[in-house]
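>>> I need the structure of the sequence given here:
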Amino acid sequence: MQKSEANPQVYVETPLHPEKLTVWFALWVGGIIGPYFFKNDEGHNVTVNGDRYRAMITNFFIPELNNRDVQELWFQQDGATCLTARATIDLLKDTFGDRLISRFGPVNWPPRSCDLTPLDSFLWGYVKSLVYADKPQTLDHLEDNIRRVIADRRPQMLEEVIENWTS
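Below is the predicted model:
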């Protein structure tokens, strides 16, 4: 709590940590899988940890892949600790075999290399520029904007991103 600047007799309660929204999506030549918003059983926003990430992979991502015509897919992720826990890497190796690009995976890839990660070098910036254009004031508004921007993206743009990445 802190004293109000307008009236020193009034205390204003402010949260210690602001609410956040944690979103994940995947990019592949056929489009975008997601967005996936990390929430607890009560529907409140939560941050990512190893258990939540593995649950997302198992309950969301793998079923989404099974609904698409995906063959010989390579999976790439950055080196965040919650993404590279032994149990997570084991799950991803079971799913993708030697086609896993990750810290502690069969193919170790620099996590922040602009020329190697099209999500980091292009797509996140593109999405953020559109998501924040109308200055969302609530997390629900922000989540709605993310869903809209992902749904409205041009398929040709994603093909161009993948072509540039593979060349």
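>>> Next, the most centrally placed residue in the chain: secondary structure please.
With distances taken as C-alpha atoms, centre = their mean, W24 lies nearest the centre of the chain, 2.0 Å away. The local conformation at W24, judged by DSSP: H, G, I helix; E, B strand; the rest coil, is strand.
>>> Just the helices from this structure, written as ranges.
For the chain, helices defined by DSSP state H occupy the ranges 50-56, 62-66, 86-96, 118, 124-131, 139-152, 155-166.
>>> In TSV: those helices, plus distance to K39 and mean pLDDT.
No exception for glycine: its C-beta is placed from N, CA and C like everyone else's. Formatted as TSV, those follow (distance: least, C-beta to C-beta, whole Å; pLDDT from 0 to 100):
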stretch	distance to K39	mean pLDDT
helix 50-56	9	96
helix 62-66	17	91
helix 86-96	19	94
helix 118	27	67
helix 124-131	18	87
helix 139-152	10	93
helix 155-166	26	73
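>>> Out of those, flag the one nearest Q77.
helix 86-96 (7.9 Å; C-beta to C-beta).
>>> What lies in contact with that closest one?
50, 53-54, 57-58, 62, 73-75, 77, 82, 100, 102, 104-106 (C-beta atoms under 8 Å, 6 or more residues apart in numbering).
>>> Same question for it: list its buried residues.
Neighbour-count burial for helix 86-96 flags 88-89, 91-93, 95-96 (criterion: 16 or more other C-beta atoms under 10 Å).
>>> for stretch 66-86, same thing?
Buried, per 16+ other C-beta under 10 Å, within stretch 66-86: 75-78, 83-85.
>>> Now do the end-to-end distance for that stretch.
24 Å (C-alpha to C-alpha, to the nearest Å).
>>> any idea how far that stretch is from the chain center?
Mean C-alpha position of stretch 66-86 versus that of the full chain (C-alpha atoms, centre = their mean, to the nearest Å) differs by 12 Å.
>>> do stretch 134-149 as well
15 Å.
>>> export that stretch as CSV, just CAs?
C-alpha atoms of stretch 134-149 as CSV (Å, rounded to 0.1, in the frame of the first residue of the first chain):
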residue,chain,number,x,y,z
ASP,A,134,-5.5,0.1,-30.2
LYS,A,135,-3.8,0.2,-26.7
PRO,A,136,-5.7,-2.6,-25.0
GLN,A,137,-6.6,-1.6,-21.4
THR,A,138,-7.5,-5.1,-20.1
LEU,A,139,-6.0,-8.6,-20.4
ASP,A,140,-9.2,-9.8,-22.0
HIS,A,141,-8.9,-7.1,-24.6
LEU,A,142,-5.3,-8.0,-25.2
GLU,A,143,-6.2,-11.7,-25.5
ASP,A,144,-9.0,-10.9,-28.0
ASN,A,145,-6.5,-8.8,-30.0
ILE,A,146,-4.0,-11.6,-30.1
ARG,A,147,-6.6,-14.1,-31.3
ARG,A,148,-7.8,-11.7,-34.0
VAL,A,149,-4.4,-10.9,-35.3
